[in-house]
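In: Pasted the sequence and its predicted model underneath.
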Amino acid sequence: MIKIDNVIHTYKKHSDEEVQALCGISLDIQEGEFLVIIGHNGSGKSTLAKHLNTLLIPSEGQVLIDGLDSTDPDMVWNIRSRVGMVFQNPDNQLIATTVEDDVAFGCENLGIESGEIRARVDDALATVGMAGFGNKEPHYLSGGQKQRVAIAGVIAMRPKYLVLDEPTAMLDPRGRQEVMETIHRLNKEEGLTIVHITHYMEEASQADRVVVMEDGKIVAQGCPREIFSQVKLLKSLRMDVPPMTELASILNEAGLEVDKTLLTVEEMVDALC
Amino acid sequence: MLIELKDICYTYKPGTPYETSAIQDISFNVEEGEFIGIIGHTGCGKSTLVQHLNGLLIPSKGEMQLDGIRYFTQQKPNKDLRKKVGMVFQYPEDQLFEETIFDDVAFAPKNFNLGDGLVEEQVRNALEDVGLSYEKYKDRSPFSISGGQMRKVAIAGVLAAQPKILVLDEPTAGLDPKGREEILSRIDLLREKRNITIILVSHSMDDIAAHADRVLVMNQGKIVIDDVPRKVFKEYKQLYDMGLDIPSVTKLMLKLKNKGFDVDTEIFTIEEAAQEILKIKGGASHV
Amino acid sequence: MFRDITIGQYLPGESFIHRLDPRTKILSVLFFMVGIFGLKHLYSYLFVLALTLTVILVARIPLGYLLKGLKPIFIILIFTVGLHLFLTPGQILVEIGPLSITLEGIMKASFMALRLIFLVLFASLLTLTTAPMSLTDGLEKLLAPFAKVGLPAHELAMMMSIALRFIPTLIDETDKIMKAQKARGADFESGNIWQRAKSMIPILVPLFVSAFRRADELAMAMEARCYRGSEGRTRMKQLVYRKTDLIVTLGMGSAMVAAFFFL
């Protein structure tokens, strides 16, 4: 379990003024959970994500990963091998000139024996649907493929938690779908705990739990239906609401009673027929 | 007719083993003041196509007429074409380079030899057009502002040359919903205020449906549909085959129609959908 | 404009040369470089030519592809040839104004040209037959003994491999930024040298800005994957120095000693 306890993070801008990026965040992430964090750019969601594997350390408060304190310098590598992280820009996280060497990179850093790395690399590439691409150069892959290679490089390290910091923001719809299918499969089949950061609502609608962040605070959390039915709140934060949920809210206002928490077209059809 | 493209073809690396045909037999016209949306998958040729409009690429075959001037195959385009057609690339903030926002936005007008007095006016107008205050921003460094603002400054840098036609390649890529909405509404406003013809390349069917008058659907280097949004979504089967989606509201209407309800299926906004549903369910009496 | 460069490219293959340990190949190229500057006679050049052709044949690299790689050094080649052709004193054959061509000049110029061509060909053969990762691994291993005297062998190899990884990305990016600035009316083709150099600023500044951003993000991604230098690090692909490698290294070494001193 990851326990985030009243975490405050302040940093200095170039102008020396202090900025509070996280203002007292408390959040528990359960094992096996699919958690989505949504919020605008600058809402603090990326800063929070970087606290989960000690890339950032809280200014105040505590982050405990399976009971390990992230402020303890001796625990850094232990924590990082438990919490894998995938970033936004697919180009800026692949290190090696071939796909398989890149997937091996993390395992090599962990000091794993060569034959075992080979097995893990092949396994990880198959899991993300990139078997047969081992000798390709990252440069020739599509955005979605690059992100799946990045995911493979992390899961080869066999982490318990996978944190993805807007992995779909720079992808086209097809690439987004590829990545989403991959991480859902990892969650269901491999039991990996997922923390997925995004601003696409349709990605949030398939989560176990959604956390909405704004100005360094958590403003709402709950299952997707609870969150999205708060159409007014989301609109006031200028976030997207799934179109069917918004339609349901308008219909209710006009006096036609339909389930306010419905999310999909199919659900709307059922509600109307 | 403002733009006329006839049988445009473009081949990358002709005569080498890497020869690939990017677009084939592209023909379409654009009227002054129109808002055209171009949609299709990565690699369908839409970026290649729009780069012809300002002469960054020269067609391997075909001819093109822009604002009364004809351009032919292998004819080197002049600066005039670049001035008339402003081009906003994907992630345009990558092109910022000057020390101040003023200098960066002034880069295009200076290159196109507008007079000094005029340059200042153009920079002012361009910044206000994207919703940034001239006085507040002109002396700041373009690297000291937020990502969304950098995107706006980059777009202003294209607008400052006073193009007649503005081409935008995925202008909202990587932005959050707030940023996306801001950019798109600014584009709408530009067209209203300055009567600029807009060509918007996008992956998002919803964005295109909500803003464009006409949609060009591209697949494998060809234009496969050229129609108003309402009619385009009727071809949902064809769109599905190309891996493109239709707005979920249209999807709902099609499903309701299948269930035997008498609803208009040429609909893609939530408000229209609500009215149609209230009509068939009779809920409107409560309003 | 950058597409013609073949130095540094890798052509995957299964030939004898491809399968040699990268250390063998790096050492052989080193021997070769030293060796050819000792060549004196025509037949020693023939010997080196035969050697180079043999390697090309065994590696099954298309000759045309290799020769294309000579394009970037064409100007250097002309310059060197010109210099030696006109400035070598000796028996004058032709006089053009103040310049004179001598028999010795012709000899020296053609030998210099041949040396340069052999050098580039052999270096290209190294990169064409060795995967970038294995090249940097080999370099790291070869430099490892010098780590004791403070040479950062691992870091140098890592830097080289990252550079190789990002070259194509940066080429694409340069292309894109160039187009974007052209669309804003920038002109890279006219004006004198000074103006042209100045016109590169709108390309270079964004390139630097993005390179720094990339470096930053990459460093973070590497740290997140537990990178902490060479300490405790293992490798998936281990280099194996076989008997054939030893034979090739020794053979190459003695051939070059022979070329240097006796031929």
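Out: Received the coordinates, thanks. Numbers count the residues shown, from 1 in each chain, chains lettered A, B, ... in the order given.
In: What is the neighbour count of residue B:164?
Out: 18 (other C-beta atoms under 10 Å in any protein chain shown). In this view, the C-beta of every residue, glycine as well, is placed from N, C-alpha and C.
In: With residue A:257 instead?
Out: Counted with other C-beta under 10 Å, the neighbours of residue A:257 add up to 12.
In: which parts of the stretch 101-250 of chain A sit against chain B?
Out: Counting by C-beta under 8 Å from any C-beta of the partner chain, the stretch 101-250 of chain A comes close to chain B at A:142-143, A:169-170, A:172-175, A:199, A:201, A:238-240, A:242-244, A:246-247, A:250.
In: So residue B:42 is in contact with residue A:174, correct?
Out: Yes - when contacts are counted by C-beta atoms under 8 Å, residue B:42 is listed as touching residue A:174 (7.1 Å).
In: any shared contact partners between the two?
Out: Applying C-beta atoms under 8 Å, 6 or more residues apart in numbering or on different chains, one finds that residue B:42 and residue A:174 are jointly contacted by residue A:142.
In: on that earlier part again, is it possible to mark the buried ones in the residues of the stretch 101-250 of chain A next to chain B?
Out: A:142-143, A:169-170, A:172-175, A:199, A:201, A:239-240, A:242-244, A:246-247, A:250 (16 or more other C-beta atoms under 10 Å in any protein chain shown).
In: If we check chain C, which of the residues you listed are in contact?
Out: Within those, nothing lies near chain C by C-beta under 8 Å from any C-beta.
In: In helices, which of the residues you listed appear?
Out: When these are checked against helices (DSSP state H), the matches are A:143, A:173-175, A:201, A:243-244, A:246-247, A:250.
In: need the residues you listed in JSON lines with pLDDT, can you?
Out: Below are those laid out as JSON lines (pLDDT from 0 to 100):
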{"residue": "A:143", "pLDDT": "94"}
{"residue": "A:173", "pLDDT": "87"}
{"residue": "A:174", "pLDDT": "88"}
{"residue": "A:175", "pLDDT": "92"}
{"residue": "A:201", "pLDDT": "84"}
{"residue": "A:243", "pLDDT": "88"}
{"residue": "A:244", "pLDDT": "91"}
{"residue": "A:246", "pLDDT": "91"}
{"residue": "A:247", "pLDDT": "93"}
{"residue": "A:250", "pLDDT": "92"}
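In: mind listing what's buried in the helix or strand hosting residue A:185?
Out: Counting by DSSP states H and E, the element that carries residue A:185 is helix A:173-189. Neighbour-count burial for helix A:173-189 flags A:173-176, A:178-180, A:182-184, A:186-187 (criterion: 16+ other C-beta under 10 Å).
In: for stretch B:116-123, same thing?
Out: Within stretch B:116-123, the residues that count as buried by 16+ other C-beta under 10 Å are B:119-120, B:122-123.
In: Equivalent analysis for stretch B:136-145, please.
Out: B:137-138, B:140, B:142, B:145.
In: got TSV for these, with distance to chain A too?
Out: Shown next, in TSV, are the buried residues of stretch B:136-145 (distance: C-beta to the nearest C-beta, whole Å):
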residue	distance to chain A
B:137	16
B:138	19
B:140	12
B:142	15
B:145	12
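In: Take those residues and keep only those in strands.
Out: If you go by DSSP state E, the buried residues of stretch B:136-145 have nothing in strands.
In: Show me which of those is closest to residue C:198.
Out: residue B:142 (19.4 Å; C-beta to C-beta).
In: Show the contacting residues for the closest one.
Out: Neighbours of residue B:142 in contact, by C-beta under 8 Å, 6+ apart: B:96, B:98, B:100-101, B:104, B:150, B:153.
In: Do a quick rundown of the strands in the stretch 101-250 of chain B.
Out: Using DSSP state E, counting those that start in this stretch, the strands of the stretch 101-250 of chain B run over B:165-169, B:197-202, B:214-219, B:222-227.
In: Packing partners of the third one?
Out: The criterion is 3 or more C-beta pairs under 8 Å, 6 or more residues apart in numbering or on different chains; DSSP states H and E, and the helices and strands that strand B:214-219 contacts are strand B:35-39, strand B:222-227, helix B:229-232.
In: ok, of those, where does mean pLDDT dip lowest?
Out: Among the helices and strands packed on strand B:214-219, helix B:229-232 carries the lowest mean pLDDT, a mean of 88.
In: one step back: can you put the strands of the stretch 101-250 of chain B in a markdown table and add distance to residue C:211 and mean neighbour count?
Out: Formatted as a markdown table, those follow (distance: least, C-beta to C-beta, whole Å; neighbours: other C-beta atoms under 10 Å in any protein chain shown):
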| stretch | distance to residue C:211 | mean neighbour count |
| --- | --- | --- |
| strand B:165-169 | 23 | 23 |
| strand B:197-202 | 27 | 23 |
| strand B:214-219 | 33 | 22 |
| strand B:222-227 | 38 | 17 |
